[in-house]
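Enquirer: pasting a predicted model and its sequence here:
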Protein chains: 2
Amino acid sequence: MRIALDAMGGDHGPAPNVAGAIQALQASPDLSVALVGDEAILRPALAAVGDHPADRISIVHASQTVGMNEKPAEAMRAKPDNSIAKCWGLLAKKQVDGLVSAGNTGAVVAAGLFLRKFLKCVHRPGIATVMPTAKGRCVIMDVGANVFPKPRHLLEYGAMGSVFARHMLGIERPTIGLMNVGEEEGKGHDLSQEAFGLFRASSLSDRFVGNIEGRDIHTGKVDVVVTDGFVGNVIIKLSQGLFEFVMGMVGKEVIGALSAEADKAKQAIHGLVQKYHYSAFGGAPLLGVEGVCIICHGSSKDRAIANAIGVAAQDVRVKLNEKIVAELETLPIAE
Amino acid sequence: MRIALDAMGGDHGPAPNVAGAIQALQASPDLSVALVGDEAILRPALAAVGDHPADRISIVHASQTVGMNEKPAEAMRAKPDNSIAKCWGLLAKKQVDGLVSAGNTGAVVAAGLFLRKFLKCVHRPGIATVMPTAKGRCVIMDVGANVFPKPRHLLEYGAMGSVFARHMLGIERPTIGLMNVGEEEGKGHDLSQEAFGLFRASSLSDRFVGNIEGRDIHTGKVDVVVTDGFVGNVIIKLSQGLFEFVMGMVGKEVIGALSAEADKAKQAIHGLVQKYHYSAFGGAPLLGVEGVCIICHGSSKDRAIANAIGVAAQDVRVKLNEKIVAELETLPIAE
């Protein structure tokens, strides 16, 4: 099993990518990693790491790098030999089984969509993300690949998110909810009303609980939250920002009120932050494309990169894509 | 100054409405309240309250009540003498200066839009909500009145939210941000791209900071967050749910780790919950209609109702609507 890592991607440059790759290799003996990026930078970075399984890590040269704030489409045109496009190229030629990138998310998605190698029955790929809930974890899809989807796309996201929840989170029969502004049928805009009808008429209907609201996500009301990429993107970024805001206030106000046991409280708060921080959840898969693509947060450190490579390898091992196609084939014929 | 209160609205029936009205009257000597609802229920409920300024509180009979989960349009047709419609009727006839309801939000908005008494220059009213941030407070608009707006509506929400922030939150020159999936110009769907252009070309351009992301809300990056009612509704409900989830975990994990100082930590956590709970923010105004309309959370208790009546009275005192029209008149002519 071979995974391509966009070694130039992310806010912190190649260092956490190289370190994360080596952690992942140490955890999985059946894995090899191709570091994709500028050889002149990556060669010494790799050499600087003392102990590593040299036979399972290689460098694939890419002369260009897409900046984190570059416009995706323009960057892809202006920099044909960039590390993201090269990762996708390796995947398209089946020289790797999957790719991982903490680079410019828009560019990773744009390059993937541009290839148009979608799985059978998939009309538009989407990004799935795992979020913590009071009952465990849920999958949210889409969180940014498709900001103005058609109803059919949302139905497919429900099916794909559900397969992901079953095989990657171990939830036997995942329930599915449609993000809306109220629970009752008929709520929301045309997209949500039409998607509601598709779910009810589909083979997913027995697992579809109907509309859910923003407050239901973290109570764990459903296992799969289906939404358009605009709302999904706001959800994950808002959740991250609010979590940091609340934990910051808790740190200040609660620790400030204590004296003898302040250190104990600090440790408990630190434990919560570790447990619920996004890096614990190993990147977000772009589902619906041939091969495996895991997108990491730009601020990912080595632990997050290693987790994401692990998730990519696991996607390949469980044959997630075959299972997605099998699930989609049970849905009604697309219009 | 006279405020109509939908005394039948909310999850808890008339009791918190009656108690909240009396608290508000005690706080403001220039205020009178009309309790709107079933006289046979309200008369004894009011009599049961010992000490109250009887000359400043009256009952206006409405024989019907809209349930919290009824479909708004159907309920309005089937129950013409409901308490929400009666409040709007009093406002339309200028028998009151404002109305407050913790009832079915969709019905309150639908009844208001049905009257079509919009302020000059307003194309669609929207609901504004105040949220806590690391720097103080911000206004989010719209949070559910208009789930599929036109770009022009968003421009008006920026203007109205900005007037609200200035006169109700005391922010001299409020900054405005457009909720999007990334900061760069050109991000998002057609609505966000066209709204971005309108803001840049408008008289608000010097206060418009551009696109903001979900994580920017609680850092307090801007004073006014402009968004469509679908996304805004998800934002406020998600924030409430996540806040409760995180504070619940903090309560369990942090208190669980302490012994001698557990009570001190409990008090600090309780203080945070009180400070940031939605009831501290006094309801959400439907801006853009003639008169004042404040919508409360269905679960509002007496404190939240009293705060909302106080906000309605303050809107009237500062002549918020005149100031909204003055601000909107400086915008470019509507297409």
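Expert: Here it is on my side, so go on.

Enquirer: all strands of the stretch 51-200 of chain A, in order?
Expert: Per DSSP state E, counting those that start in this stretch, the stretch 51-200 of chain A carries strands over the ranges A:57-61, A:98-101, A:126-133, A:136-141, A:176-179.

Enquirer: and the third one, how far from the chain's centre?
Expert: Looking back up the chat, that one is strand A:126-133. 7 Å (C-alpha atoms, centre = their mean, to the nearest Å).

Enquirer: direction included, what does that strand pair up with?
Expert: With DSSP bridges as the test, strand A:126-133 is paired with strand A:136-141 (antiparallel), strand A:284-287 (antiparallel).

Enquirer: show residues contacting that strand.
Expert: Strand A:126-133 has contacts (C-beta atoms under 8 Å, 6 or more residues apart in numbering or on different chains) with A:109, A:137-146, A:149, A:153, A:156-157, A:160-161, A:164, A:169, A:217-220, A:229, A:232, A:236, A:239, A:275-276, A:281-282, A:284-288, A:295, B:245. Quick note: C-beta positions are derived from backbone N, CA and C, even for glycine.

Enquirer: for the nearest residue to A:Ser239 once chain neighbours are set aside, which residues are in contact?
Expert: What sits nearest to A:Ser239 in space, not counting adjacent residues and going by C-beta to C-beta, 6 or more residues apart in numbering or on different chains, is B:Leu242, at 5.8 Å. Applying C-beta under 8 Å, 6+ apart, we find B:Leu242 in contact with A:Ile217, A:His218, A:Ser239, A:Leu242, A:Phe243, A:Val246.

Enquirer: in the helix or strand hosting B:Leu242, which residues are buried?
Expert: Per DSSP states H and E, B:Leu242 falls inside helix B:229-257. Residues B:229-247, B:249-251, B:253-255, B:257 are the ones in helix B:229-257 that count as buried (16 or more other C-beta atoms under 10 Å in any protein chain shown).

Enquirer: contact partners of whichever helix or strand comes after it?
Expert: Tracing the chain past helix B:229-257, the next element assigned as helix or strand by DSSP H and E is helix B:262-276. By C-beta under 8 Å, 6+ apart, the residues outside helix B:262-276 that reach it are A:249-250, A:253-254, A:256-258, A:261, A:265, B:132, B:243, B:247, B:250-251, B:254-255, B:258, B:280.

Enquirer: give me that answer again for 10 Å
Expert: By C-beta atoms under 10 Å, 6 or more residues apart in numbering or on different chains, the residues outside helix B:262-276 that reach it are A:245-246, A:249-250, A:252-262, A:264-265, A:268, B:131-132, B:239-240, B:243-244, B:247-248, B:250-251, B:254-258, B:261, B:280.

Enquirer: check whether stretch A:301-314 comes near chain B.
Expert: No: in terms of C-beta under 10 Å from any C-beta of the partner chain, no part of stretch A:301-314 sits within range of chain B; the closest distance is 16.7 Å.

Enquirer: phi, psi for the closest residue to A:Ser162 other than its chain neighbours please.
Expert: Spatially, and ignoring its direct neighbours in sequence, A:Ser162 is nearest to A:Pro174 (4.7 Å; C-beta to C-beta, 6+ apart). The phi/psi pair for A:Pro174 (degrees, to the nearest 10) reads phi -70, psi 140.

Enquirer: give me every residue that touches A:Pro174.
Expert: A:138-139, A:158, A:161-166, A:204, A:207, A:222-224.

Enquirer: again with A:Gln95
Expert: Per C-beta under 10 Å, 6+ apart, neighbours of A:Gln95: A:Arg2, A:Ala4, A:Ala34, A:Val60, A:Gly89.

Enquirer: next one, pLDDT for the residue of chain A positioned farthest from its centre please.
Expert: Of all residues in chain A, A:Ala260 sits farthest from the chain's C-alpha centroid, using C-alpha atoms, centre = their mean; the distance is 41.7 Å. A:Ala260 is assigned 93 on the pLDDT scale.

Enquirer: same deal with A:Glu335?
Expert: For A:Glu335, pLDDT reads 50.

Enquirer: mind listing what's buried along stretch A:198-215?
Expert: Those would be A:198-199, A:202, A:204, A:207-215, for stretch A:198-215 by 16+ other C-beta under 10 Å.
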